[in-house]
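Chemist: What would the 3D arrangement of this be:
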Amino acid sequence: MPIRAYLDGHRFDPETTRLMGIAFEMALVALQRTDGIVNPTHDAVAKKIIEIARTGERNPQRLSALAIEQLGIPIPPDAP
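Modeler: Numbers count the residues shown, from 1 in each chain. Below is the predicted model:
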């Protein structure tokens with residue numbers, strides 16, 4: 001699922017957009033493995049990743065992990 005649909009007028013260079021897309025996919029995969037915990041919507045995850053990227057973070061793993069953490073969702077240790 002592309003993150004572009006969630007940009008809502010925010011402009012990023014193509015590489016940053018690509019990295020945010022990777023982070024978004026990583027977060028969605030990790031959230032599928034929460035074993036019964038209610039997951040936030042894709043919209044909430046995407047918006048959180050965009051918010052964090054606006055602070056300058058570009059590492060997809062950090063973007064994904066920070067978004068999940070800031071949304072308050074525990075992820076099992078074996079999650080990607």
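Chemist: do you know how far P60 is from G9?
Modeler: Separation of P60 from G9 (C-beta to C-beta, to the nearest Å) stands at 22 Å. (Glycine included, C-beta is placed from N, CA and C.)
Chemist: What of L63?
Modeler: 19 Å.
Chemist: So these two - more neighbours on which side?
Modeler: Neighbour count, other C-beta atoms under 10 Å: between L63 and G9, L63 has more, with 25 against 4.
Chemist: which ones are touching that one?
Modeler: Counting by C-beta atoms under 8 Å, 6 or more residues apart in numbering, L63 touches L19, M20, A23, A27, I49, I52, A53, E57.
Chemist: for R58, same thing?
Modeler: By C-beta under 8 Å, 6+ apart, the neighbours of R58 are T16, L19.
Chemist: Now do the helices in this structure.
Modeler: Secondary structure of the chain (DSSP state H): helices at 14-31, 42-53, 60-70.
Chemist: center of the chain, which residue is that?
Modeler: Centroid check for the chain by C-alpha atoms, centre = their mean gives F24 as the closest residue, at 3.7 Å.
Chemist: From T17, how far out is it?
Modeler: From F24 over to T17 (counting by C-beta to C-beta), the distance is 10 Å.
Chemist: before we move on, what about P74?
Modeler: 29 Å.
Chemist: my guess is L28 meets H42, correct?
Modeler: Yes - the pair L28 / H42 is scored as a contact, 6.8 Å apart, by C-beta atoms under 8 Å.
Chemist: count of neighbours near V29?
Modeler: 12.
Chemist: for stretch 60-70, the distance to its chain's centre please.
Modeler: Centre-to-centre, stretch 60-70 and its host chain are 6 Å apart (C-alpha atoms, centre = their mean, to the nearest Å).
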